[in-house]
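Participant: Here is my input; please provide its structure:
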Amino acid sequence: MTDTDSFRATKLDNGVRVVSERLPHVRTASVGVWVDAGARHELPKENGVAHMLEHMAFKGTERRNAQRIAEEIEDVGGHLNAYTSREHTAYYARVLSTDVRLAGDIIADILQHSLFDEGELARERGVVLQEIGQVQDTPDDLIFDIFQECAYPDQALGRSVLGPLEVVSAMRRDSLLGFMAKFYNAENLVVAGAGEVEHEMLVELAGTFLGNLRAESGSGPEPGIYRGGLRLVDRDLDQVHVILGLEAMSLHDSDYFALQIFSTMLGGGMSSRLFQEIREKRGLAYSVFSFTSCFRETGMLGVYAGTNEADLPDLVPLLCDVSVGLASSVTESELNRARNQLKASLMMSLESCSSVCEDLARHELIFGRRIELDEIIERIDSVAQADIRRVGARLFGMPRPTAVAVGRHGHLLDYDQIRKNLTQ
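Facilitator: The predicted structure is shown next:
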């Protein structure tokens with residue numbers, strides 16, 4: 001067991017980990033189960049199964065039908081939800097503190113006793129196919145899936161969370177049961193709680209409902225190997241959507257926090273260089289920002305912008321120039337502003353029970369421990385101009401950027417020119 005003033009952690013005999021943080025002055029709690037399995041754990045022939053499994057978990061168990069699951073949690077004013085990412089799947093609830101036991105019972109029930117009825121599966125396949133269609137019709141969502149696939153081609157890490165139409169259309173009950181049997185076991189599960197929650201109760205609930213799970217953790221995902229490249233998708237749209245990206249640091253890299261600060265200065269807010277140069281000074285885009293996608297062994301820095309076709313020849317070189325120029329010309333005031341933005345964003349998010357709960361679970365899954373707020377702030381404050389220059393040298397020393405466009409992209413620079421502009 002690991003304890004601090006408000007944080008506690010316990011590992012059951014079968015390997016299930018229980019983490020909690022008691023938050024003063026709240027009367028609610030967020031509780032959930034995080035599974036160390038997501039889209040990157042899938043085989044090509046089952047791409048989308050982790051997401052479908054998350055959907056189907058709510059469609060009825062041996063004790064509750066789908067309507068009863070919804071009614072029981074809402075009878076007490078609670079909320080029940082789930083999500084699937086490339087690395088994890090989460091099932092969680094927000095309830096009054098008096099209803100934590102009920103929430104734990106429901107979540108454990110859907111994780112262990114879902115029926116996966118064929119009729120419900122047929123209906124839910126239709127729902128997920130509509131979800132896929134919605135992404136296909138939303139270019140500023142679609143481009144991020146294309147960007148991921150272009151950066152990590154022919155790899156699990158590059159495949160979409162939702163899966164392709166042809167695979168999802170043919171998905172059967174056996175695929176769900178097989179994926180669950182492989183990955184939904186004790187050592188892959190973290191039970192997390194935050195708010196007005198008693199750690200002993202969570203441990204008791206985990207032991208009661210999950211204590212009989214087998215301990216094996218299942219095989220880990222194949223390593224993600226960044227490749228990069230160019231992908232152009234023709235669409236008759238009013239705007240051209242563009243992402244330029246580079247291989248960056250993983251979650252475990254010593255430069256991870258310096259990367260976050262670099263991205264914040266580059267395109268993290270209205271004062272960022274991209275926003276000021278692209279939107280405010282030149283009016284080339286309404287939406288322009290930078291982002292990071294970091295995983296256990298790899299990561300990316302990306303820059304997104306949407307513009308009209310006529311402005312594309314001006315926009316793309318400028319995106320490159322502003323990005324490359326940041327490392328060599330960063331000022332102390334910019335650096336200090338970015339540090340404060342990151343710290344404020346972090347501390348504001350941790351005022352929410354749900355965010356704390358998710359933070360606890362993700363830290364345990366990724367790092368095997370709770371990274372305390374003071375430690376994170378110290379690491380953010382320690383980032384200096386020399387670190388930003390080093391991160392820039394690492395980023396722009398990479399040989400193969402990723403460039404993706406969706407829309408009428410006839411004036412997009414060719415890949416060799418983009419690579420020349422983004423490398424030092």
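
Participant: residue ranges with poor pLDDT in the stretch 251-400 of the chain?
Facilitator: The model of the stretch 251-400 of the chain has no residue with pLDDT under 70.

Participant: Which stretches in it count as strands?
Facilitator: Secondary structure of the stretch 251-400 of the chain by DSSP state E, counting those that start in this stretch: the strands cover 288-294, 299-307.

Participant: The last one pairs with which strands?
Facilitator: Partner strands for strand 299-307, per DSSP bridges, with pairing direction: strand 240-248 (antiparallel), strand 288-294 (antiparallel).

Participant: closest one to residue 41 among those?
Facilitator: strand 288-294 (17.2 Å; C-beta to C-beta). Glycine gets a C-beta too; all of them are placed from N, C-alpha and C.

Participant: Contacts for that closest one, please.
Facilitator: 148, 248-251, 256, 259-260, 263, 266-268, 272, 274-275, 278-279, 299-306, 319, 323 (C-beta atoms under 8 Å, 6 or more residues apart in numbering).

Participant: pLDDT at the residue positioned nearest the centre of the chain, what is it?
Facilitator: Nearest residue to the geometric centre of the chain (C-alpha atoms, centre = their mean): residue 85, 5.5 Å. Here, the pLDDT recorded for residue 85 equals 97.

Participant: again, but for residue 218
Facilitator: 65.

Participant: got a list of what the residue nearest to residue 110 when sequence neighbours are not counted touches?
Facilitator: Nearest residue to residue 110, sequence neighbours excluded (C-beta to C-beta, 6 or more residues apart in numbering): residue 57, at 4.3 Å. Residues counted as contacts of residue 57 (C-beta under 8 Å, 6+ apart) are 82, 91, 110-111, 114.

Participant: Tell me the one of those nearest residue 344?
Facilitator: Among the contacts of residue 57, residue 82 lies closest to residue 344 (C-beta to C-beta), at 29.0 Å.

Participant: Show me which residues of stretch 287-294 are buried.
Facilitator: 288-294 (16 or more other C-beta atoms under 10 Å).

Participant: any idea which of the residues you listed is the one closest to residue 208?
Facilitator: Taking those together and measuring to residue 208 by C-beta to C-beta, the closest member is residue 294, at 35.8 Å.

Participant: rewinding a little: and the residue nearest to residue 110, how far from residue 132?
Facilitator: For residue 57, the distance to residue 132 (C-beta to C-beta, to the nearest Å) stands at 19 Å.

Participant: ok, now residue 398?
Facilitator: For residue 398, the distance to residue 132 - C-beta to C-beta - is 32 Å.

Participant: and if you look at residue 33?
Facilitator: In terms of C-beta to C-beta, residue 33 sits 26 Å off from residue 132.

Participant: neighbour-wise, which of the two wins?
Facilitator: residue 33 (25 against 20; other C-beta atoms under 10 Å).

Participant: contacting residues around the residue nearest to the centre of the chain?
Facilitator: When contacts are taken as C-beta under 8 Å, 6+ apart, residue 85 is in contact with 38-39, 161.

Participant: if we go to 7 Å?
Facilitator: 38, 161 (C-beta atoms under 7 Å, 6 or more residues apart in numbering).

Participant: same thing with residue 405?
Facilitator: By C-beta under 7 Å, 6+ apart, the contact set of residue 405 is 232-233, 240-242, 412.

Participant: what's the angle between the helix or strand encompassing it and strand 240-248?
Facilitator: Using DSSP states H and E, residue 405 sits in strand 402-407. Angle, strand 402-407 to strand 240-248, by axes from the mean of the first three to the mean of the last three C-alpha atoms, to 10 degrees: 170 degrees.

Participant: Buried by neighbour count: which residues of strand 402-407 qualify?
Facilitator: Buried residues in strand 402-407 (16+ other C-beta under 10 Å): 402-407.

Participant: Identify, from those residues, the entry nearest to residue 141.
Facilitator: residue 406 (10.1 Å).

Participant: surely the closest one meets residue 145?
Facilitator: No - the criterion here is C-beta atoms under 7 Å, and residue 406 misses it with residue 145 at 10.3 Å.

Participant: re earlier: out of the strands paired with strand 299-307, which comes closest to residue 371?
Facilitator: Nearest to residue 371, of these and by C-beta to C-beta, is strand 288-294 at 14.2 Å.

Participant: just checking, residue 315 touches residue 283?
Facilitator: No - when contacts are counted by C-beta under 7 Å, residue 315 is not listed as touching residue 283 (10.7 Å).

Participant: who's more crowded, the two?
Facilitator: More neighbours surround residue 315 than the other of residue 315 and residue 283, with 24 against 10 (other C-beta under 10 Å).

Participant: I'd like to know how far the more buried one sits from residue 418.
Facilitator: Taking C-beta to C-beta, one finds residue 315 at 12 Å from residue 418.

Participant: Same check on residue 296?
Facilitator: Applying C-beta to C-beta to residue 296 and residue 418 gives a distance of 28 Å.

Participant: Could you provide the strands of the stretch 251-400 of the chain in TSV, with additional columns for distance to residue 43?
Facilitator: Shown next, in TSV, are the strands of the stretch 251-400 of the chain (distance: least, C-beta to C-beta, whole Å):
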stretch	distance to residue 43
strand 288-294	22
strand 299-307	23
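
Participant: Which neighbouring residues are in contact with residue 223, exactly?
Facilitator: By C-beta under 7 Å, 6+ apart, residue 223 lies in contact with residue 297.

Participant: Kindly report the same for residue 311.
Facilitator: Here residue 311 is in contact with residue 284 (C-beta under 7 Å, 6+ apart).

Participant: go on, residue 314?
Facilitator: Taking C-beta under 7 Å, 6+ apart, one finds residue 284 in contact with residue 314.

Participant: Leaving out chain neighbours, which residue sits closest to residue 379?
Facilitator: Using C-beta to C-beta, 6+ apart and skipping the chain neighbours, the partner closest in space to residue 379 is residue 257 (4.8 Å).

Participant: for residue 109, same thing?
Facilitator: Counting by C-beta to C-beta, 6+ apart, the residue nearest residue 109 is residue 61, at 4.9 Å.
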